[in-house]
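J.: Here's a sequence, model it:
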Amino acid sequence: MSRRSGILEFAVLGLLRESPMHGYELRKRLNTSLGVFRAFSYGTLYPCLKTLVANGWLIEEPGNTTEDALAAPLAGRRAKIVYRLTAEGKEHFEQLLSQTGPDAYEDETFAARFAFFGQTSRDVRMRVLEGRRSRLEERLEKMRASLARTRERLDDYTLELQRHGMESVEREVRWLNELIESERAGRDLKGSATGGSAQQDTTSGAPGGLPRPGDEPRPDSPDDTAT
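T.: Numbering: from 1, shown residues only. As a prediction, the model looks like this:
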């Protein structure tokens, strides 16, 4: 399984832990709540759902409203399928949620992990945050060393681009320091929730009282395809 596929499966399980959903609703929640999934298609989501069903972590159920059942044939569409988390799926998600290894704080995975911090124990949150901070501090040290070696050979625009990259990393490190300080003080961050969790990615603004490492997220464009 690729890392991106693993992140998607994790996020789908986390959202379905909140409540059953059909495919379109899942895609919309992934787009609007988790910035890392802002640009992906049904061609990516549905193979993931089928895999989770095959593993016994989800079950498929027909749409539970009369309106859905009547509207689908008239529109030339299949009735919506609702995906529900099984007991085994919930157990698997909780196992994933407890993991604190390097995969939890890499660029590709940290945003998804952070989005479900509201469902994560404090000690796991601390290890993930500290791991992410350590990774970024190492990156920042390498960036500074590289800039010091090459500064004289860079033109002004390339130099400015490197400075911009360093400032972005420094900004996230400051944000992580604030989060870690709050966790150590025993304060839970309050804000909008994804399945009871704080929503945040490393490139978009945080809701509620969360520190903001960047700009506000962009809304996804409507794309109503039902299953």
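J.: What is the subsequent helix or strand relative to the lowest-mean-pLDDT helix or strand in the chain?
T.: Sorted by mean pLDDT, DSSP states H and E, the helices and strands of the chain end with helix 66-74, the least confident at a mean of 47. Once helix 66-74 ends, the next helix or strand along the chain (criterion: DSSP states H and E) is strand 81-85.
J.: Need the CA coordinates for that following strand. CSV is fine.
T.: Output of strand 81-85 as CSV, limited to C-alpha atoms (Å, rounded to 0.1, in the frame of the first residue of the first chain):
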residue,chain,number,x,y,z
ILE,A,81,-24.7,3.3,-0.9
VAL,A,82,-24.1,4.2,2.7
TYR,A,83,-20.8,3.1,4.3
ARG,A,84,-20.8,2.1,8.0
LEU,A,85,-17.8,1.4,10.2
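J.: what helices or strands is that strand leaning on?
T.: Strand 81-85 sits against helix 3-18, strand 21-22, helix 23-33, helix 42-54, strand 58-62, with contacts defined as 3 or more C-beta pairs under 8 Å, 6 or more residues apart in numbering; DSSP states H and E. Heads up, the C-betas are built off the backbone N, CA and C, glycines and all.
J.: Mind giving me the packing neighbours of whatever helix or strand comes next after it?
T.: On the C-terminal side of strand 81-85, the nearest following helix or strand under DSSP H and E is helix 87-97. The helices and strands touching helix 87-97, judged by 3+ C-beta pairs under 8 Å, 6+ apart, are helix 3-18.
J.: tell me the angle the helix it packs on makes with helix 87-97.
T.: Computed with axes from the mean of the first three to the mean of the last three C-alpha atoms, to 10 degrees, the direction of helix 3-18 lies at 120 degrees from that of helix 87-97.
J.: and the angle for helix 3-18 with strand 81-85?
T.: Between the direction of helix 3-18 and that of strand 81-85, the angle (the same axes, to 10 degrees) works out to 90 degrees.
J.: Do me a favour and average the pLDDT over helix 3-18.
T.: Per-region confidence: helix 3-18 scores 88 on mean pLDDT.
J.: Give the buried residues for it.
T.: Counting neighbours by 16 or more other C-beta atoms under 10 Å, one finds that the buried residues in helix 3-18 are 6-18.
J.: which stretches of the protein have low pLDDT?
T.: In the prediction, the chain carries residues with pLDDT under 70 at positions 1-4, 34-42, 64-79, 188-227.
J.: and the one helix or strand residue 157 maps to, what does it pack onto?
T.: Here residue 157 is covered by helix 156-184, with elements defined by DSSP H and E. If you count contacts as 3+ C-beta pairs under 8 Å, 6+ apart, helix 156-184 packs onto helix 122-150.
J.: Remind me what the helix it packs on packs against, helices and strands.
T.: Other helices and strands packing on helix 122-150, by 3+ C-beta pairs under 8 Å, 6+ apart, are helix 107-115, helix 156-184.
J.: let's see it at 7 Å
T.: Based on contacts counted as 3 or more C-beta pairs under 7 Å, 6 or more residues apart in numbering; DSSP states H and E, the elements that helix 122-150 packs against are helix 156-184.
J.: Give me the domain ranges for this structure.
T.: If you go by automatic domain parsing, the domain ranges for the chain are 3-97, 101-218.
J.: I figured residue 12 hits residue 48, correct?
T.: Yes. Proximity of residue 12 to residue 48 meets the contact threshold set by C-beta atoms under 7 Å, at 6.2 Å.
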